[in-house]
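1. What shape does this take:
(one chain, ligands or ions: 1)
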Amino acid sequence: MKMTLPGGTAEEPRLARAEIFPEPELPDAAALIARGRTLARTVTVGPSPFLAEQGVSCENDYKRRAMAEGRVMLHAQIGFRDPARSRRAWAEIHERTAKAGQAVERYGICLDFSMGYPPAERARRPRGTGMILERPEDFAALTAMAPVAPHFGDFVLGTPAAVENTAAALQAGATAIGNLGQFCTFRLPHWNDDVATTEATLAALALIAAQPVEVAVHSNLDDGFAALMTDLASVLGVVLIEQHIVERLIGGRIAHCYGHSFSRPLTRMAFQHALAGVATGPGTMVYGNTTIYGEGMGANYAALGSYLLADILAQRRRPSGHAINAVPVTEAERIPDIDEVAEAQRFAGRLIERADGWDAMLDHAELDATAALILEGGRRFHACAMAGFAEAGIDTGNPFEMLLALRRIGPRRLERLYGQGDPDADRPGGRRPLVEATTIGELDRLAEKTAGGLAARDRARIAAAGFRACVATSDVHEFGKILLDGTLRRLGVGLVDAGVSSDPEMVARAAKAANADFVAVSTYNGVALDYISALKRSLAGLGLDLPVFVGGRLNQIPDASNSSLPVDVGAELEAAGAIVCRRIEDMLKRLVAIAERRAAR
Ligand code: B12
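-> The predicted structure follows:
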């Protein structure tokens, strides 16, 4: 097996410190750690019904007990804009699942992305569709509703408000706090100060590590690098790098989550086995494979059954402490309601019972060989990355530098540099993966199919028009854009990449600078209408009147909503002058028409 130490291919130049850290000086890591430790004298894990009822000091102790008993644990995700509704959900889901004999053990809380802004600034910042807890007491009011372990997963760590949010979560009795994966990839709208985000995150990590009880630092790999890497060995390499930062450099305990984008049962299970081989403590949860959900509820139940069965079998064979996560079948459309969450959990409970006997039908040799490949490749990836960082002059013993470097390098470049597959320019990640991570490959094949699905005459028209498209996303959801880019490229459309999580003004400027013919925005975080209105204003301000295509999840929570659920804003987007596309084919049809008009001129 080849070892590409310390990284770099013909296409990907090696790292250099000055390029990653252009600033003459970076904040002092030791001082930030000291800040977290000092805070830990007054901020500690508070009481919660879960800790009291289970008689444990932290969730990891409970998890270890369940692992020893061979029990598969359940995780549900909740978070409505309205905290009162979330409190009701906390109590009702527990009540209903307990009555059915399979109580949910833990809840993941979906805070809104606006919770990531410093508290004093939140009121004047944009909001998404998630939960907003105004005061620290609101965190504790939530966790007091039922004996279920609170997991504050999103928009706590990894944001400018990391210290305040971590303190509130700890005091509300949470002993699993995230999301380090988000730190690496998420950008809050109009927030450009990644040094301040890293400072807050490091201080919060130190606050967690200094707790007298074990508190897991949660990292969802799909929120971080896994979603955009093409090789599961690279993903495992990232696990080892994060372990190095949190455990060796800060003295905490990390717990990884995976699952959203792991669509093949074999590699889903193999990754779980490989992860179990390197983990130092229990995992948080294995997330539902939500990328295989579509609009049909019956089809989504089949998807739910397929990934849950793999997760149950993996936990039975190699208990890793990951609670399984039955995602309600309505999730592809909108934030699921309380009944739907409870129903999905009942499904999972029954499936655990029905999973008996399946293990005997598995090909363990294939499973173990795939896990070994991921494990071995991951270890080499880690070794190469550490050597490459050191060679570039990044201090691998300094957690601030390691965190900021990871964020600035990003998943694609990290994989091109240190991936262990052979370089292959025709592959999406620039390398032939050891064990393919399904999503990027699938998107590439789907782009081929979408472009190929267009009549030859229409393809020729689009190609002849010589279009230049300015493509961007409003938030972290990038798959729609990857599919769009791949489809347009195959149709001969020139691409102007206006980036991911790009503010409307940035997109308008990119369109102007590149003399684009149209703008295409993929948006998922429930800000579609505000975003498109701002983009149209910015374009007009630059004297541009370009077609603006928009697709993704086109909804928003109305200001006067009492249901706290988002509603579709397609009609309002049309009224604001955008071309609403439910599918990429809608856009292609319009492009053919525009090309025809151009040709006739
Ligand atoms: C994958 C995913 C993620 C991944 C994204 C990985 C990545 N790097 O891209 C991760 C795990 C990171 C993630 C994070 C979050 N997610 Co998410 N995610 C999804 C999921 C499962 C799939 C979306 C997707 O990418 N689909 C793949 C694309 C290719 O398919 P598609 O959506 O059907 O798109 C078609 C068309 O819409 C079109 N299209 C798309 N864009 C465009 C643009 C143009 C111009 C055109 C022409 C066409 C077009 O192309 C496709 C084929 O035709 C959806 C649920 C679902 N099943 O849809 C939730 C979902 C979008 N996420 C959601 C949320 C809330 C979040 C988080 C806020 C959760 C949290 N608390 O952390 C964060 C986002 C944080 C932020 N900064 O905004 C919500 C959005 C809620 C809403 N608006 O009502 C959803 C709907 C889940 C839910 N029901 O709660 N997510």
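2. Going by C-alpha atoms from here, please, whenever you check contacts or count neighbours.
-> Will do.
3. pLDDT on stretch 404-421, on average?
-> Stretch 404-421 carries an average pLDDT of 95.
4. The helix or strand K449 falls within near the ligand anywhere?
-> Secondary structure assignment for K449, by DSSP states H and E: helix 438-452. No - between helix 438-452 and the ligand, judged by CA under 6 Å from any ligand atom, nothing touches; the nearest distance is 7.1 Å.
5. Now that helix - C-alpha only, PDB.
-> Extracted C-alpha coordinates of helix 438-452, given in PDB (Å, rounded to 0.1, in the frame of the first residue of the first chain):
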ATOM      1  CA  THR A 438     -21.600   7.600  -1.500                       C
ATOM      2  CA  THR A 439     -23.000  11.100  -1.800                       C
ATOM      3  CA  ILE A 440     -20.500  13.000  -4.100                       C
ATOM      4  CA  GLY A 441     -20.200  10.000  -6.500                       C
ATOM      5  CA  GLU A 442     -24.100   9.700  -6.600                       C
ATOM      6  CA  LEU A 443     -24.400  13.500  -7.300                       C
ATOM      7  CA  ASP A 444     -21.900  13.200 -10.100                       C
ATOM      8  CA  ARG A 445     -23.800  10.300 -11.700                       C
ATOM      9  CA  LEU A 446     -27.100  12.200 -11.200                       C
ATOM     10  CA  ALA A 447     -25.700  15.300 -13.000                       C
ATOM     11  CA  GLU A 448     -24.700  13.000 -15.900                       C
ATOM     12  CA  LYS A 449     -28.200  11.600 -16.000                       C
ATOM     13  CA  THR A 450     -29.900  15.100 -15.700                       C
ATOM     14  CA  ALA A 451     -27.800  16.600 -18.500                       C
ATOM     15  CA  GLY A 452     -28.200  13.500 -20.600                       C
END
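6. and after the lengthiest helix in the chain, which helix or strand comes next?
-> Of all the elements of type helix in the chain, the one with the most residues (DSSP state H) is helix 364-392. Next along the chain after helix 364-392, taking DSSP H and E as the criterion, comes helix 399-418.
7. Could you list the buried residues of that next one?
-> 399-408, 410-418 (16 or more other CA atoms under 10 Å).
8. measure H273 to L74 for me?
-> Separation of H273 from L74 (CA to CA, to the nearest Å): 19 Å.
9. And these two? Which one has more around it.
-> The residue with more neighbours, out of H273 and L74, is H273; 24 against 21, by other CA atoms under 10 Å.
10. got a list of what that one touches?
-> A314, R318, D368, A371 (CA atoms under 8 Å, 6 or more residues apart in numbering).
11. Contact distance from the ligand - what residues of the stretch 51-200 of the chain qualify?
-> Residues of the stretch 51-200 of the chain lying near the ligand (CA under 6 Å from any ligand atom): C110, L111, D112, T129, D154, F186.
12. which residue does the stretch 51-200 of the chain bring closest to the ligand?
-> C110 (4.2 Å; CA to the nearest ligand atom).
13. ok, back up a step: could the residues of the stretch 51-200 of the chain next to the ligand go into TSV alongside secondary structure, distance to I335 and neighbour count?
-> What follows is these, written out as TSV (DSSP: H, G, I helix; E, B strand; the rest coil; distance: CA to CA, whole Å; neighbours: other CA atoms under 10 Å):
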residue	secondary structure	distance to I335	neighbour count
C110	coil	10	21
L111	strand	12	23
D112	coil	12	20
T129	coil	8	26
D154	coil	15	27
F186	coil	20	20
